[in-house]
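Visitor: I'll drop the sequence and a predicted model, then ask my questions.
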Amino acid sequence: THPWLQYQLYRSYGDRRILEDQWETTRRLVDFLGAKSKGGVIDKGISDHESLDPKPAALTGTAFHFACVDLLARFARILGRKEEAEKYAVRAEEIRKVFTDRFLSPGTGVFGKGTQASQAFPLFFGLVPGPERKAAVRAMVRAVLEDHQGHLATGMFGTYMLLHELSRAGRAEAAYRMVNQRTFPGWGYMLERGATALWEHWAFSDDTFSHDHPMFGSVDAWFYQWLRGIQPAPGAEGLDRLVLRPCPVGDLRWVKAHHEGVRGRIVSEWALEGGRFLWRLVLPPGVRARIYVPAKGEEEVLEGGKPARSSGGLRFLGRRGGAALFEAGSGEFRFSSPWEG
């Protein structure tokens, strides 16, 4: 949590002072984890807390260990600590190898017992070897749609990772189905039981668990990052680089949202009207973004009523997974493309 919070704050605000102030504490934490590990493996901890599937403690603990070391190496690069950056980058790669050797069934993409969390953790932390990625995604989807009939079975950490990785893999429909379930377990089940705030546990409890607990609030991040479609780009500093990739899914017909970033207000509003996807974007000064417009072909995409490829301020980068990809700087954009569904 400690390194991850620093990473999120740095991406959002671009202020390296938190990395400088917390450097020694973070270094001591990482070294402590290394000393307590068994050849890089950490098999103790809360794992995916409140998961309904059996908790894969060693898998999640080792994935967290990798993430902490990898983040420390990144912080060292940002702070100009070249020797320490190299030292911890090497250690992170050592843990990566230990992780795949211990938990991956080669050729199957399956990690551990193939539960939702067992698949989402390595995908989220970039621990899946390239040739195994498609199979790993298939195993994750199977764990949702087949093993749990479209329901989640993850805990505090795995829920966020599962929603994110399903959407990143082009399976936002599966994530949307999971979020909209009204039967146990899920947020809809909480609502059906009269909840007015999030629970600590997926199941109802009248004597043990809190009924006003934020830890399953990660679905809110999914609303903003995938339905609204605004995410920090890799390497972002103070939201100076964004990835804009909305996911129109299910019976959802519109989304309106904005974010008050350190560089100004970021706006993303889209709607499905008259057989078209309509999307209004506002990017503040000092921001560059990669923009994924849902479309079968780039020639179908309009911006300001004109072909987007010839629109000023946009650079067409190619097609990516059912979308036309553009790059742009600050300004207001109004995209339109045909929509079937």
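Guide: Perfect, I can see it now. Since we're looking at a predicted model, the values are computed, not measured. Residues are numbered from 1 along each chain as shown.

Visitor: tell me where the stretch 101-250 of the chain has helices.
Guide: Using DSSP state H, counting those that start in this stretch, the helices assigned to the stretch 101-250 of the chain run over residues 116-124, 133-145, 156-168, 172-179, 187-192, 218-222.

Visitor: pick the most deeply packed of the ones you listed.
Guide: Highest mean neighbour count of these: helix 116-124, a mean of 28 (counted as mean count of other Cβ atoms under 10 Å). Every C-beta, even on glycine, is put in place using the N, C-alpha and C of the backbone.

Visitor: elements contacting it?
Guide: helix 57-78, helix 82-103, strand 110-111, helix 133-145, helix 156-168 (3 or more Cβ pairs under 8 Å, 6 or more residues apart in numbering; DSSP states H and E).

Visitor: switch the cut-off to 6 Å
Guide: Contacts defined by 3 or more Cβ pairs under 6 Å, 6 or more residues apart in numbering; DSSP states H and E place helix 116-124 against helix 57-78, strand 110-111, helix 133-145, helix 156-168.

Visitor: now it - C-alpha only, CSV.
Guide: What follows is helix 116-124, C-alpha atoms only, in CSV (Å, rounded to 0.1, in the frame of the first residue of the first chain):
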residue,chain,number,x,y,z
GLN,A,116,-10.2,-15.0,-10.6
ALA,A,117,-7.6,-13.5,-8.3
SER,A,118,-4.9,-15.9,-9.3
GLN,A,119,-5.3,-14.7,-12.9
ALA,A,120,-6.0,-11.0,-12.3
PHE,A,121,-3.0,-10.4,-10.1
PRO,A,122,-0.3,-11.5,-12.6
LEU,A,123,-2.1,-9.8,-15.4
PHE,A,124,-2.4,-6.5,-13.5
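
Visitor: which residues sit against that helix?
Guide: Under the contact criterion Cβ atoms under 6 Å, 6 or more residues apart in numbering, helix 116-124 has outside partners 48, 51, 56, 59-60, 63, 111-112, 128, 136, 139-140, 143, 153-154, 158, 161-162, 165.

Visitor: can you state the direction angle for that helix and helix 172-179?
Guide: 140 degrees (axes from the mean of the first three to the mean of the last three Cα atoms, to 10 degrees).

Visitor: quick check: mean pLDDT across helix 116-124?
Guide: Here helix 116-124 scores 98 as its mean pLDDT.
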